[in-house]
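# any chance you could fold what I've pasted below:
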Amino acid sequence: MTVFKFALLRSMRHPVSLVLNTAIPIILMFIPVLWEENAMGISFGFSILAFVIIFGAFTMSKNIIADKEDGAITRILMGPVTMRSYLSQNLLSSMIPLITQLVVVALLGMLLRDWSFTLALGVFISFAVLTATCVAMAFAWQCLFKNSENSTTGFSILATVMAMLGGLFIPTSLFPGILEHIGVIFPSYWAMHSLRYILTYGEFVNSFWIGIGAMLLFAIAFLLYGGQRRIV
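Numbering: from 1, shown residues only. The predicted structure follows:
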């Protein structure tokens, strides 16, 4: 069995990962009240979905630290598997379930929430790029720790800060002083930025792509950092 297949099967057998990456996003689409526009100009359903993606990406990345804890990575690398291949296959196995759920969300948006094709595509692109960024971030994060307990605790704090200061649930314009602008250092801020423009204009304006570009830069930075970390 390849590293990719093993990592994918192991991740999807985990109860938390299974719920975050399949059940919750679909259930959200069937709750009408979540998709009513709020004071932020964006539905809470999008905010919750972004938060689910952040934690979903983290749970899918736990294979790396699990392999470090039980010494599996050492045994894997003794075979015909390079470190680059091991890492890329783990990243790909994390991406596929998350991207698949976004396809379902976009289709349900058109069927249940009356989204236009352009809006559904914009939502998909925004969240797909956020997913790629969060997977890359989770990968880099796991490389920092030697045990899952410290990694999970630290990431829970990071995700909460990212959600709050990144504007997922509270408009950044309500924050005093520098806190109003600190959200730009989080991928979640740019995901909401892109969503707000596609929801407002119903088309792909330049500001939408600025948010997408910012998230891609984050993803590249995380991958470069994580790839240089000593994993074994």
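
# remind me, longest helix of the protein?
helix 83-112 (DSSP state H).

# off-centre distance for the very next helix or strand once past it?
Next helix or strand after helix 83-112 toward the C-terminus (DSSP states H and E): helix 117-142. Distance of helix 117-142 from the chain centroid (CA atoms, centre = their mean, to the nearest Å) equals 5 Å.

# average pLDDT for helix 117-142?
Regarding helix 117-142, the rounded mean pLDDT is 91.

# pull out the buried positions in that helix.
Using 16 or more other CB atoms under 10 Å as the test for burial, helix 117-142 gives 119-120, 122-142. (Each C-beta comes from the backbone N, C-alpha and C, glycine too.)

# same check on stretch 97-111?
Applying a neighbour-count criterion of 16+ other CB under 10 Å, one finds Pro97, Leu98, Gln101, Leu102, Val105, Ala106, Leu108, Gly109 buried in stretch 97-111.

# pLDDT below threshold where in this protein?
Applying pLDDT under 70 to the chain flags residues 1, 3-4, 6-7, 10-18, 38-41, 66-86, 226-232.

# the helices in it, which residues?
In the chain, the helices defined using DSSP H lie at 3-13, 15-18, 24-29, 44-60, 62-69, 72-77, 83-112, 117-142, 148-165, 187-201, 206-228.

# distance of Tyr197 from Ser207?
Counting by CB to CB, to the nearest Å, the gap from Tyr197 to Ser207 is 5 Å.

# who has more neighbours, the two?
Higher neighbour count among Tyr197 and Ser207: Tyr197, with 21 against 14, using other CB atoms under 10 Å.

# these two touch, right, that one and Trp209?
No: using CB atoms under 8 Å, Tyr197 is not in contact with Trp209; the gap is 9.1 Å.

# ok, and the closest non-adjacent residue to Gly211?
Among residues not flanking Gly211 along the chain, Ser194 sits closest, at 3.3 Å (CB to CB, 6 or more residues apart in numbering).
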